[in-house]
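Novice: got a structure for you, letters missing:
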């Protein structure tokens, strides 16, 4: 089929039922061609719901002029061929108004294009000032990605571009459009109609379909995607680039069935690793008082519930445990083996695992791929081969491994022995320790599992996620990631799991320096911020920027139910603090609806005027001196359809003087026992501040904080943290509603 | 002078020596005209270094066609008159290519414009795809403001617009251009030359000059300001709008000399208020044990050093002090009077001040303009009149007034009795208390003065700033502002003072909800974020977003010298933490230069390989176990020209096991006594984290923190806070260098 014919077929915007995109692409590859001409690109795109400008392809200047005669001026004349950057090369002539000018335009194009010119493209000159760009490319971690953004010269200069990972559904496409900063251009704008939203959505979904169906399409660039004054969307120029190799290769090499089987097998192994009856430590040494206690001593100290085997060829006894020279001499294959010997000795230790039938391994040792040095990279490749051949499941190397309080399994110094609803999957061993300490000590959040997996030799974050999906102990998943091997699998798992239990995700290395640090920490590829933005938006995984934020958000998610929207009422004390509260809420996207006159009047009825301000934030210390006032205030606000959540913001210094802290206790009891009734079940969090350097007040504040946490009331020191947590709660529930 | 003549005069880009802009504007106002035509607008702008497109003004279609004959196609034809939104109304015809089309264009313009049409404007059609916008407007708080941004339809849609308050110098104009997000369009871009920077700077400075010289110009809009392919900048369209009133009225109604006299007088009064020999409290009551202690009791408790007079007509004695029925009955006029009676009684109390010759007053009471209610607004107006007539200096109302430890003057519950280098000027009374507590307790920062001034009846932030400028005790000024009466005065003071002592400024109410809260807190107008951005950029005042950040930054500024740049070396412990460190630094604009191979090799020479990573961040726990390694590492890095500052990031849990905290103490001593030598005087801050729930480690961490602070080493818990403080230190010194 020749390009001219194809273009003829679609000239009137009609799809050709006989046009076979796969065959079309195949013919190009057969001819060893990878860059399509504009006309060819558009004919392919037209088959995927991308409206393209009607155009005529001609071979010569003479043919061009013969056609232009029949067209309405002004017209556009472009050079045709495997050409890129046409505008910069002078191969695009806009606003051609006369036959004479058309001839001149053709001559100039011919001169500028040289040998690559295959002909001319004639188009009507479309009106419209709003230019967008749409396209697709293939990401090495995440596969096909659809992009949409501000077009023309602004794509590069302003960078207002949004990504989504294919396949896209309608919600994805709608969200993508909503995410553009230059929103206003999409609405009715300066006498031009609002963009035809349905058409635009179809373009993006069409590109996604194209990406999934034609694995040899490497790149599509529709620029500009013009919005005409009537709102219609048209691709005025387009470029399709093909790849000789199947770009979906390696992205999903397992069938659905194979994946299910693999997960089943891995889950069974993880079940054993999390609850081992026997545990061997290769490289177990005696406790030392002059430095860090060794791996073995820490495990023993935490009170491991199964049979514990130190492996050390140089001794018979480690801290009262009978030592063995190697794995093979153990009375049984160990359910879990921990390798803690210098890097060069790790391959032999791993071979021992395979030989002894101990298939589940945690390699603590560092010094592999993450060093970026030849020696380390080679060693890791060796481990990889041993693990593959021995069918081993390896956590690590370069990591802290597993913390499971129920099994009394811990490889670090100290941790809570209580099990709870949270799981933590962490690529960093330091973070695994820090976050479990922090979340437990700060908020009383307990973990049933924490997994530090480092360089991810065989077991990656996706394997742990797949396990936690069905793990009944786990109600909420927290996660620290640096990189991921199979991005598409990660996205799929996050999307599925997040609907059942929230996944709170901290992605390290989103800045350039951060990405460099990631490479030298776990040897991972960090990936760009825009593509991770797509992961968050499409999966609904809750995005946080630090371990502290992760704990703040986890506290809210564990204790609060659904919020219907982002509208908060703040009841608190202090004017300057009220300003800060309003600024903090606004910055994270929470709304503080101003209270209608009627509502203000009703609250004023029972609120003394002196030093109070009935706006939103409500500044009313009486509400905390006389809790009946608080109840009546909350009742009124909770009944209002424009309030979704509550923040009580208390300056504890103010209330300590009343009854030497007695009032603070009464406020605490009220919040625990009664506040929920008066908020009609709408989510409520408590914020306190305490600044005076008075020990008694500090102690009263600590008691207040502890009592509330124990009762399951999210309580924060300082409002920004509470506002952030609530904004994430809102985003999560909004995601569930939209993608339900 | 007729427009046609003027345009003729400037047709060749030459300025007319006889053109008098002031007279030109005056003639418009005389004729009762406030909207200039495009040609008139451009002729005015041309006199202020704005390059304008050559154009011809004609009265009729016939004249237009006669002129077009002599022009090179394509041309632009526009309708002329007091017309706005010309493009949307169809009054702009671009790319007119033939005489016939010109005739058609004129007819269409005539039909669309109707009665407002005064003629036609003929211009050559300039090439260029990069459109900007420049202009000026008058802000009610800050006076004339110059704006520059992305033009065409993108001004509104993308919002990439920057403000500066006139008058502008060259640095301001350069900074303004640098601040644009769409930077890339200003460089050489897709075969078009980089913008003529000098010309662009002259345009912005010209607009500033115009604003300062022509107070009746209310608004200028140059859109588009086109960048031609050769980089030249040309105003293709422009609109000047005049105001009948002098827009500079009220902005600077005092002469320089008058201002100096006023400051002298106010400073003398403030000297007395900060160091009063006698203090009267109107509304003094006996101590109460069932609630807040009263104003008088708190002052007495803090040990006020002068003569203290309770005023209360109902008693002879307040807590052992002889009470007086009113001010007039005092044995002397009081140096300072504090009014703490209900709002309706305040006017009479203030009259007493005037009558008794006690001219310096702090009104604690709230319930005035900030209520937004008629009653309160009326009461404040009454106070205003009494203060004016009595020539009183009033701090407040609705505020906590003054805290001066040297005078033992304090109106709140508790505070440090030590004086120090910091001053705090706060519009919020709550913040005055919270911040002084927080900064002192957290970091040992001591204040010589804290001033809470609330509704700013007569004394505003600018008065306190002017005092602190010459106050030798004050080395650093911290400040919380909600609004300001005289924005231009504030900007001038900030710019002057900030060069001598840093001003760290928290501006409340920059969000919409925040602005609403500001109105109901101190009855102030918050002002928009873009204009406050200009205040920060032009004055170099250090911008912070919370009281906590203000303390973090103050700590760094008090203890660190100049940094030559933003390039940081991080030496610390832990890989995941390294990633977080890199991300944190990058987010606030600090750079972490990757270390050259040569440097890495040198450090590696004396660093054991196991578990260390010589990149930047450097992950090297040995450096803290053997401080000689740290010295050698610092020496090497400090000698490198690409490192400006240091962060030592310590995970204290790791080091506690060595010597039960002994090593932590040694690290602390090393940092205090030796680190400075090895950093060659480049700024260094310390960051620590501690997560294990072990009391002994927590205590060791607290000791470590305290010891460093006492020795003047900035130390932070968690890296983001340190990175933020260092980024501000860099911004400040960079500002001084650029504006020196």
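Specialist: Received the coordinates, thanks. Quick caveat: nothing in here was measured; it's all calculated off a predicted structure. Numbering: from 1, shown residues only, chains lettered A, B, ... in the order given.
Novice: for the residue positioned nearest the centre of chain A, pull up the helix or strand it's in.
Specialist: Compute the mean C-alpha point of chain A, and by CA atoms, centre = their mean the closest residue is residue A:536, 2.7 Å away. If you go by DSSP states H and E, residue A:536 is part of helix A:529-539.
Novice: any idea of the mean pLDDT for the helix or strand that that helix is followed by?
Specialist: Using DSSP H and E, the helix or strand that follows helix A:529-539 in sequence is strand A:542-544. The average pLDDT within strand A:542-544 is 97.
Novice: identify the residues contacting the helix or strand following strand A:542-544?
Specialist: Next helix or strand after strand A:542-544 toward the C-terminus (DSSP H and E): helix A:547-559. For helix A:547-559, the external contacting residues (CB atoms under 8 Å, 6 or more residues apart in numbering or on different chains) are A:421-422, A:431, A:434-435, A:438-439, A:442-443, A:445, A:475-476, A:478, A:480, A:502, A:504, A:506, A:542, A:544, A:683, A:685, A:712-714, A:716, A:721-722, A:724-726, A:728-729, A:732, B:580, B:718. Where you see a C-beta, it was placed from the backbone N, CA and C, and this is true even at glycine.
Novice: please flag which of those sit within strands.
Specialist: Among these, the ones falling in strands (DSSP state E) are A:422, A:476, A:478, A:480, A:504, A:506, A:542, A:544, A:685, A:716.
Novice: residues in contact with the residue lying closest to the fourth one once chain neighbours are set aside?
Specialist: Using CB to CB, 6 or more residues apart in numbering or on different chains and skipping the chain neighbours, the partner closest in space to residue A:480 is residue A:426 (4.3 Å). For residue A:426, the contacting residues are A:432, A:435, A:450, A:451, A:452, A:453, A:479, A:480, B:576, by CB under 8 Å, 6+ apart.
Novice: count of neighbours near the fourth one?
Specialist: Looking back up the chat, that one is residue A:451. By other CB atoms under 10 Å in any protein chain shown, the residues close to residue A:451 number 29.
Novice: ok, now the second one?
Specialist: Here the neighbour count serves as a burial measure; for residue A:435 (other CB under 10 Å) it reads 27.
Novice: confidence score at the closest residue to it other than its chain neighbours?
Specialist: Among residues not flanking residue A:435 along the chain, residue A:547 sits closest, at 4.8 Å (CB to CB, 6+ apart). Here the pLDDT value assigned to residue A:547 is 95.
Novice: next, count neighbours for residue A:547.
Specialist: When neighbours are counted by other CB under 10 Å, residue A:547 registers 28.
Novice: gap between it and residue A:334?
Specialist: Computed as CB to CB, to the nearest Å, the residue A:547 to residue A:334 distance reads 32 Å.
Novice: quick one: pLDDT of the nearest residue in space to residue A:510 that is not next to it in sequence?
Specialist: In this structure, residue A:510 finds its nearest non-sequential neighbour in residue A:529, 4.7 Å apart by CB to CB, 6+ apart. pLDDT for residue A:529: 88.
Novice: contacts only, for residue A:573.
Specialist: Counting by CB under 8 Å, 6+ apart, residue A:573 touches A:619, A:620, A:621, A:624, A:649, A:650, A:651, A:654.
Novice: how many neighbours does the first one have?
Specialist: Taking other CB under 10 Å as the neighbour definition, residue A:619 ends up with a count of 26.
Novice: I'd say it and residue A:575 touch.
Specialist: Yes: counting by CB atoms under 8 Å, residue A:575 is a contact partner of residue A:619 at 5.7 Å.
Novice: quick check: neighbours shared by those two?
Specialist: A:613, B:520, B:521.
Novice: among these, name the ones in strands.
Specialist: Among the shared contacts of residue A:619 and residue A:575, the members found in strands (DSSP E) are residue A:613.
Novice: just the pLDDT at the closest residue to residue A:59 other than its chain neighbours, thanks.
Specialist: In this structure, residue A:59 finds its nearest non-sequential neighbour in residue A:119, 4.5 Å apart by CB to CB, 6+ apart. On pLDDT, residue A:119 comes in at 91.
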